[in-house]
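Undergrad: okay, sequence plus prediction incoming.
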Amino acid sequence: MAKICLCLTAKTIQRNLEILNKYGKYADIAELRVDCLDADDRLYIRRFPELVNIPVILTIRRDIDGGYYTQGEGARVRLFANGLAYADADSRHNFAYVDIEEDFDVPSLEEAARTFGTRIIRSYHNVNGIIENIPEKLKSMKRAGDEILKIALKVNSTNDVLRVFNASGAVTGQDKIFICMGHYGIYSRILAERFGSFLTYSSALSEEETPGAPGQMDVRELAELYQFKKITKNTKIYGVVGYPLKASVSPWFFNNVFNMENTDAVYAPFPVDSVSSFLTLAKEMDVQGLSVTVPYKEAVLSELADSSDAVQSIGACNTVFRDRDEWHGENTDCTGFSSSLLEFLNEKNFKHKKLTIIGAGGVARSVASEIHRLGGKALILNRTVHKARALASQYNFRWGGLDNQGIELMAKYCDIIVQTTSVGMEGYTDNDSPLDPLELYNFTGKEKVMDLIYSPPVTPFLKRAADAGCKTINGYDMVIRQACLQYYNFFGTEIHQQLLTRINTMGAKSWNRIQSG
């Protein structure tokens with residue numbers, strides 16, 4: 001099975017030892033990034049393997065390959081030689097691996113490494129993008145049968161990841177490492193086994209040291225939350241599709257459920273730029289089910305072979321699952337929203353209630369549908385007014401923009417305010433809009449306010465409402481409720497109540513602790 005490698009990028013050997021002592025239990029291998037060390041500490045790298053109880057990779061990464069080494073190749077050769085010199089008869093006291101680039105040609109160094117059992121990782125890095133023929137590149141790199149061939153590519157799209165995955169399947173009978181650097185490739189690190197990779201690189205992200213490469217995951221999170229060392233070719237894969245996916249609670253929820261019930265499954269984040277390209281990749285990876293979040297709840301509809309009545313009437317889908325190799329769609333947002341809000345209000349329905357919905361996207365469609373089904377009247381306000389009008393017309397609701405005229409309409413629709421946009425979410429970036437989508441509105445303190453965002457737990461919008469005396473709720477409870485419904489769609493059974501109680505006891509505090517590191 002694939003191994004976890006912890007990248008050590010501190011400036012001193014002592015600091016690297018401290019990090020390894022703290023996090024080494026989560027890793028199988030450590031990589032000493034000599035290029036990150038201070039000049040004085042580089043003199044003492046030979047002793048490092050003797051000081052630890054884990055196999056170590058010796059790496060001196062050049063700046064052109066995404067590292068920090070800027071001196072000449074002659075000086076780098078001498079550093080490699082110093083690290084491999086005076087080999088001990090006990091191989092545990094030597095570097096277990098040495099990472100050298102495919103254009104690095106010092107046969108005597110390689111011969112010395114092999115003589116004393118140090119295995120060569122021959123690597124190619126492209127920090128700018130993907131290359132045309134990855135299998136052919138691997139073939140051209142190989143010089144000896146015992147080498148591990150490594151290709152690290154910056155992926156700039158979901159289609160890039162698909163090409164890397166297909167290349168990994170085309171190369172057999174060879175130990176290899178495939179790395180999709182960058183945010184789009186994060187799941188390739190979790191699913192290294194499925195990508196046919198010998199190992200995955202990780203960092204101690206809760207420490208202050210620089211990660212080894214863009215997109216590396218936290219070593220503890222890989223080992224504990226994703227149960228990386230238990231992932232095999234038989235492990236069932238689920239996940240959440242969206243972008244940017246920097247604050248989704250779903251991996252935390254589902255992986256904790258899988259771990260507690262001892263289910264051989266993993267739930268990964270899938271940040272994508274094309275839901276169509278990803279669903280092609282998902283079939284290749286044998287993904288069984290997906291949660292769908294912004295901005296793809298509407299775009300995914302055209303990719304489905306079949307969908308529920310709720311999806312068809314609402315026009316948005318947040319759950320996709322495989323049935324006879326076809327994608328089927330469901331919507332669990334609607335019931336998750338209404339059950340959460342009604343319990344918060346201690347009500348059975350929305351009769352005699354007038355609500356304002358902020359936003360007109362996929363989740364707003366689910367919210368509007370439930371408000372109408374349960375007898376409520378609503379005003380829909382959106383920055384793009386024609387989208388608010390189109391959604392409102394389905395239910396004979398009022399509509400407007402997020403301007404003074406729209407705010408004036410809220411006077412008759414302010415029993416409950418539901419904020420459905422991404423504004424204020426962790427990772428949200430839009431320099432043209434404020435972090436409070438309703439900044440023109442003055443709360444009276446009588447409104448009941450729900451923000452469907454849960455990370456951060458309190459958005460600027462929700463804080464302003466609470467400060468005015470409003471009763472408020474964020475989206476954490478809703479997302480857990482809809483996730484339970486997704487679980488039923490994935491597995492055909494409900495989550496055991498005792499297990500769900502344990503999850504709820506861990507609750508938002510545990511999630512927020514993970515988020516803060």
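TA: Looks like it arrived, so ask away. The model shown is predicted, which means the values in this text are computed figures rather than measured ones. Residues are numbered from 1 along each chain as shown.

Undergrad: neighbours of Gln288, just the number please.
TA: Neighbour count for Gln288, taken as other CB atoms under 10 Å: 17. In this view, the C-beta of every residue, glycine as well, is placed from N, C-alpha and C.

Undergrad: dump the residue contacts of it.
TA: If you count contacts by CB atoms under 8 Å, 6 or more residues apart in numbering, Gln288 has them with Lys236, Ile237, Tyr238, Ala265, Phe321, Arg322, Phe490.

Undergrad: out of those residues, which is most surrounded?
TA: Highest neighbour count within the contacts of Gln288: Tyr238, with 24 neighbours (other CB under 10 Å).

Undergrad: so what's it bridging to?
TA: Using DSSP bridges, the bridge partners assigned to Tyr238 are Tyr267, Gly289.

Undergrad: now it: how far from Asn489?
TA: According to CB to CB, to the nearest Å, Tyr238 and Asn489 sit 11 Å apart.

Undergrad: now do the shared contacts for these two.
TA: Gly289.

Undergrad: lowest-confidence entry in the contacts of Gln288?
TA: Among these, Arg322 carries the lowest pLDDT, at 94.

Undergrad: residues contacting it?
TA: Val287, Gln288, Gly289, His328.

Undergrad: doesn't it fall inside a strand?
TA: Yes. Counting by DSSP: H, G, I helix; E, B strand; the rest coil, Arg322 is located in a strand.

Undergrad: which residues does it bridge with?
TA: Applying DSSP bridges, one finds that Arg322 bridges with Trp327.

Undergrad: what's the distance between it and Ala30?
TA: Arg322 is 38 Å from Ala30, by CB to CB.

Undergrad: now do the helix or strand harbouring Trp252: everything it contacts.
TA: Here Trp252 sits within helix 250-261, counting by DSSP states H and E. Residues outside helix 250-261 that contact it (CB under 8 Å, 6+ apart) are 225-227, 238-240, 263, 265-269, 291, 293, 479-480, 483, 487, 495-496, 499, 502-503, 506, 510-511, 514.

Undergrad: same thing with stretch 377-396?
TA: By CB under 8 Å, 6+ apart, the surrounding residues in contact with stretch 377-396 are 353-361, 364-365, 368-369, 371-372, 397-402, 406, 409-410, 412-413, 433, 437-438.

Undergrad: report the buried residues of it.
TA: Judged by neighbour count (16 or more other CB atoms under 10 Å), stretch 377-396 contains these buried residues: 377-383, 385, 387-389, 391-392.

Undergrad: try stretch 168-177
TA: If you call a residue buried by 16+ other CB under 10 Å, then stretch 168-177 has these buried ones: Ser168, Val171, Asp175, Lys176, Ile177.

Undergrad: pLDDT of that stretch, averaged?
TA: Mean predicted confidence for stretch 168-177 is 93.

Undergrad: just the CA atoms of it, as CSV, please.
TA: In CSV, the C-alpha atoms belonging to stretch 168-177 read as follows (Å, rounded to 0.1, in the frame of the first residue of the first chain):
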residue,chain,number,x,y,z
SER,A,168,-0.6,6.1,-13.9
GLY,A,169,-2.7,3.2,-15.1
ALA,A,170,-0.7,3.0,-18.2
VAL,A,171,2.6,2.4,-16.3
THR,A,172,2.7,-1.0,-14.7
GLY,A,173,5.4,-3.2,-13.1
GLN,A,174,7.3,-0.1,-11.9
ASP,A,175,7.4,1.6,-8.5
LYS,A,176,6.4,5.2,-9.2
ILE,A,177,5.3,8.4,-7.5
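
Undergrad: tell me which residue is most central in the protein.
TA: Centroid-nearest residue in the chain: Pro269, 3.7 Å away (criterion: CA atoms, centre = their mean).

Undergrad: might you report the residue contacts of it?
TA: Ile186, Tyr187, Gly239, Val240, Leu245, Ser248, Ser250, Pro251.

Undergrad: between the contacts of Gln288, which is nearest Arg122?
TA: Among the contacts of Gln288, Ile237 lies closest to Arg122 (CB to CB), at 29.7 Å.

Undergrad: burial count for the spatially closest residue to that closest one that is not a sequence neighbour?
TA: Nearest residue to Ile237, sequence neighbours excluded (CB to CB, 6 or more residues apart in numbering): Val287, at 4.7 Å. Using other CB under 10 Å, Val287 is surrounded by 25 other residues.

Undergrad: repeat that for Arg47.
TA: 11.

Undergrad: in the buried residues of stretch 168-177, find the pair that's most separated.
TA: Ser168 and Asp175 (12.1 Å).

Undergrad: any regions of the stretch 401-517 of the chain where pLDDT drops low?
TA: The stretch 401-517 of the chain contains residues with pLDDT under 70 at 428-433, 507-517.

Undergrad: now do the strands in it.
TA: 416-419, 448-451, 471-473 (DSSP state E, counting those that start in this stretch).

Undergrad: likewise the stretch 251-400 of the chain?
TA: Using DSSP E, counting those that start in this stretch, the strands of the stretch 251-400 of the chain run over 265-271, 287-292, 306-307, 319-323, 326-330, 354-358, 377-382, 398-401.
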